[in-house]
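Chemist: Sequence and predicted model, in that order:
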Amino acid sequence: MPPPLWYVCPMTGADHINDPLNEHRPVTTRAGTDILAVSLMLLFSLTGVGLSLMPVIAEQLQSTFHYSDSQIGLLTSVFMFALGATAIPAGLAAARWGGRVLAIGCCVLLLGSVAFALSASYGWFIVARLVQGIGAGVTVPACGAVIADCISTRYRGRVWGIYGTGVGMGVMIALLIMPSVSHAGGYRAVFLLNAALAAVLGATVLAQAPVRMRPSHSGNVLGARALAGALAAVATNRRVLLLSLFNTAALAVSVGVVVWTPQFLHTSFGASLSVAVYLTAGSGLAQLVANPLGAVAMGRWGKLGVIFVSMALMALCTALVPFVPGLWLAFILVTLVGFLTMSFFSPLFGAIAEVIEKPEQAGAATGLIEVFGFTGALLAPWLFGLLLDNLAGDSGYVAGYLLLAAFGAIATVGVAFFKIPAARRRD
């Protein structure tokens with residue numbers, strides 16, 4: 001079997017591709033690459049913000065509307081469901097219209113944020129979070145299309161390294177900046193600021209001509225039958241499904257820990273909610289450095305080695321969180337968990353090119369991994385809250401963190417069934 005059309009070099013992070021259009025890419029300089037990469041990363045950070053907002057406003061929602069913990073958890077779960085459900089349609093739209101679909105995503109995200117700010121009932125809160133998730137769900141597929149079509153292959157790996165730090169940036173924005181906003185103006189101010197960020201960051205990205213360009217391959221977009229065939233092929237590809245499992249574990253642990261750790265630190269160790277939120281932000285800082293370090297590590301130990309070690313340690317550290325005797329030990333473990341949820345981001349997505357049969361299946365595989373990842377993980381925040389509602393004292397937190405750890409443990413076992421074909425291996 002011939003080698004794939006493209007792959008990511010684990011040593012340099014650069015893409016290598018049989019790309020006759022490479023010299024015609026609109027962004028071929030390092031400076032231009034970094035400007036576009038940082039702007040796309042900041043837009044991606046809004047997804048991390050959306051996933052991390054509930055602990056910031058949970059106290060107000062519960063004191064004002066008397067919501068249960070499971071209801072608070074569900075507000076994150078529906079956001080995750082929308083993120084996953086949007087991935088494939090957004091990817092297909094981006095294949096035809098490129099980065100211009102980001103305009104739709106930002107407008108929908110802005111609309112959902114404003115709707116949440118203006119709502120005062122649980123039903124409308126759910127609807128608003130769904131709309132937010134749909135808008136944010138456009139970001140990854142559309143940005144992926146922009147990176148593939150606009151960036152010189154020499155710098156494409158560099159862009160993904162910068163882009164992947166967006167999740168950690170979003171967690172830090174939500175947990176370090178939004179608490180002050182919430183204190184000053186409540187949940188309404190938090191979501192109005194989120195809407196303003198969507199408008200400003202979306203405009204910044206769309207102001208760049210390469211983002212607004214029609215994809216170079218748009219005249220040769222695959223027909224509906226070919227797209228359906230690509231989707232069917234990856235849906236029956238065991239390795240793609242295992243990558244989806246790994247992504248599900250990372251998302252379940254990452255989001256579950258961010259949503260419920262502030263309340264855990266407040267209840268179990270007596271930390272004020274504001275201090276607990278700030279301490280949890282350490283996981284976001286750890287995620288910022290984890291992505292590039294994971295990319296470097298896979299050059300030394302291979303993709304599967306990094307994925308296995310990261311997930312195993314992630315499961316172990318998560319399981320230990322409710323058992324440690326002190327606040328600062330809990331903080332250290334939560335920070336380590338944040339690091340480990342992102343340290344295998346690059347190896348996971350870098351493995352896609354090596355497990356698909358044809359290059360045109362890459363988009364479908366990425367979309368499927370996102371769909372399964374978010375829809376599989378969306379139960380975690382809600383189930384954690386349900387455990388808190390039904391178990392007394394610290395036992396609810398023990399059960400909740402062990403539930404999150406179980407996601408990581410099951411995925412770690414899955415590594416034993418994952419093999420990259422030797423003819424396509426690049427680690």
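Modeler: Thanks, I have it. Here the structure is a predicted model, which means the values were calculated and not measured. Residues are numbered from 1 along each chain as shown.
Chemist: Please make it C-alpha for all contacts and neighbour counts, starting now.
Modeler: Will do.
Chemist: show me what contacts the spatially most central residue of the chain?
Modeler: Nearest residue to the geometric centre of the chain (C-alpha atoms, centre = their mean): Val167, 5.9 Å. By C-alpha atoms under 8 Å, 6 or more residues apart in numbering, Val167 lies in contact with 44-49, 284, 287-288.
Chemist: now, which of those residues sits nearest Val101?
Modeler: Closest approach to Val101 among the contacts of Val167 (C-alpha to C-alpha): Phe44, at 14.1 Å.
Chemist: Can you tell me which of the contacts of Val167 is closest to Thr204?
Modeler: Thr204 lies nearest to Phe44 out of the contacts of Val167, by C-alpha to C-alpha, at 12.6 Å.
Chemist: Pull the contacting residues for the closest one.
Modeler: Applying C-alpha under 8 Å, 6+ apart, the residues near Phe44 are 139-140, 163, 166-167, 170.
Chemist: With distance to Thr261 and pLDDT as extra columns, can I get the residues you listed in a markdown table?
Modeler: A markdown table is the format used below for the contacts of Phe44 (distance: C-alpha to C-alpha, whole Å; pLDDT from 0 to 100):
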| residue | distance to Thr261 | pLDDT |
| --- | --- | --- |
| Thr139 | 27 | 91 |
| Val140 | 27 | 86 |
| Tyr163 | 26 | 86 |
| Gly166 | 21 | 90 |
| Val167 | 17 | 87 |
| Gly170 | 17 | 93 |
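Chemist: Pick out whichever of the residues you listed sits closest to Met54.
Modeler: Gly170 (13.1 Å).
Chemist: in what helix or strand does that closest one lie?
Modeler: Here Gly170, judged by DSSP states H and E, is contained in helix 166-172.
Chemist: what's the next secondary structure element after that helix?
Modeler: Next helix or strand after helix 166-172 toward the C-terminus (DSSP H and E): helix 178-206.
Chemist: Off-centre distance for the helix holding Gly170?
Modeler: With C-alpha atoms, centre = their mean, to the nearest Å as the basis, helix 166-172 stands 9 Å off its chain's centre.
Chemist: And the helices in the stretch 101-250 of the chain, which stretches?
Modeler: Using DSSP state H, counting those that start in this stretch, the helices of the stretch 101-250 of the chain run over residues 101-118, 122-137, 139-150, 153-163, 166-172, 178-206, 209-212, 224-235, 238-269.
Chemist: quick one on the thing from earlier: ranking the contacts of Phe44 by neighbours, who comes first?
Modeler: With neighbours taken as other C-alpha atoms under 10 Å, the top of the contacts of Phe44 is Thr139, carrying 31 neighbours.
Chemist: Same list, the contacts of Phe44, but as CSV with distance to Ser346 please.
Modeler: Converted to CSV, the contacts of Phe44 look like this (distance: C-alpha to C-alpha, whole Å):
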residue, distance to Ser346
Thr139, 18
Val140, 14
Tyr163, 11
Gly166, 13
Val167, 13
Gly170, 18
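Chemist: between those, which is closest to Ala409?
Modeler: Val167 (22.7 Å).
Chemist: State the distance from that closest one to Leu403.
Modeler: To Leu403, Val167 is 23 Å away according to C-alpha to C-alpha, to the nearest Å.
Chemist: Ile173 too?
Modeler: Remark: distance between Ile173 and Leu403 (C-alpha to C-alpha) = 27 Å.
Chemist: now do Leu118
Modeler: Using C-alpha to C-alpha, Leu118 is found at 34 Å from Leu403.
Chemist: More neighbours: the two, which one.
Modeler: In this view Leu118 and Leu403 are compared by other C-alpha under 10 Å, and Leu403 has more residues nearby, 22 against 17.
Chemist: hang on, the more buried one in a helix?
Modeler: Yes. Assessed by DSSP: H, G, I helix; E, B strand; the rest coil, Leu403 belongs to a helix.
Chemist: No more questions from me, cheers.
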